[in-house]
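> model this:
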Amino acid sequence: MRRLRTTASRWAAVACLAIALLYLVRVVDAPSAAYLLGEIVMGVLGVAAAVKMWLHNCFESHLAAGALVAATSGGTLLAVTAGLPGGGASGLTPTRVALLALSAAVVVLLVQDGRVRREHARRARRPYAR
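Purely as a prediction, here's the structure:
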């Protein structure tokens with residue numbers, strides 16, 4: 001059974017792609033090989049989640065988007081408050097603000113997508129299935 005692709009899921013896919021692009025742009029300024037690898041992995045995860053969500057809007061795409069959002073927001077908040085390993089806390093840069101805003105947007109859009117799909121499923125049921 002095909003899953004309903006909503007406007008909110010399409011915008012969530014765009015937000016995941018924007019997060020991935022921000023990570024891939026930051027690859028140039030990676031301070032070490034570990035950060036380089038982490039940013040590449042996050043970029044690839046973001047692209048994969050965005051493409052899967054755009055095409056199928058399935059559980060797996062929501063899971064990948066959730067992992068991307070959790071890692072992005074958690075890592076960004078840790079970098080701002082406690083600091084990255086080997087360094088102190090750093091301030092909010094425009095990139096970090098954008099990452100936090102996009103992460104929040106993905107969560108809100110996925111919740112809205114769930115509400116729309118739930119309402120559509122309720123209306124699409126056969127009368128005898130109620």
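
> any low-confidence regions in the protein?
For the chain, applying pLDDT under 70 flags the ranges 1-2, 126-127, 129-130.

> Going by length in residues, pull out the top helix of it.
Using DSSP state H to define each element, the chain has its longest helix at helix 94-124.

> quick one: buried residues of it?
Across helix 94-124, burial judged by 16 or more other Cβ atoms under 10 Å covers 96, 99-100, 102-103, 105-107, 109-110, 112-113, 117. Just so you know, the C-beta spots here come from the backbone N, C-alpha and C atoms, and that holds for glycine as well.

> Tell me how far that helix lies from the chain's centre.
Centroid separation for helix 94-124 versus its chain: 10 Å, with Cα atoms, centre = their mean, to the nearest Å.

> show me where the chain has helices.
All helices of the chain, identified by DSSP H, fall at 7-26, 33-55, 59-81, 94-124.

> would JSON lines of the ones you listed with distance to Gly87 be doable?
As requested, the helices of the chain are exported to JSON lines (distance: least, Cβ to Cβ, whole Å):
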{"stretch": "helix 7-26", "distance to Gly87": "16"}
{"stretch": "helix 33-55", "distance to Gly87": "11"}
{"stretch": "helix 59-81", "distance to Gly87": "9"}
{"stretch": "helix 94-124", "distance to Gly87": "14"}
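
> which ones are touching the residue lying closest to Ala12 once chain neighbours are set aside?
Among residues not flanking Ala12 along the chain, Leu109 sits closest, at 3.9 Å (Cβ to Cβ, 6 or more residues apart in numbering). If you count contacts by Cβ atoms under 8 Å, 6 or more residues apart in numbering, Leu109 has them with Ala8, Ser9, Trp11, Ala12, Ala15.

> Identify, from the residues you listed, the entry nearest to Ser90.
Proximity of the contacts of Leu109 to Ser90 was ranked by Cβ to Cβ; the top entry is Ala15 with 23.9 Å.

> Distance of Arg10 relative to Glu60?
17 Å (Cβ to Cβ, to the nearest Å).

> These two - which one has more neighbours?
Arg10 (15 against 12; other Cβ atoms under 10 Å).
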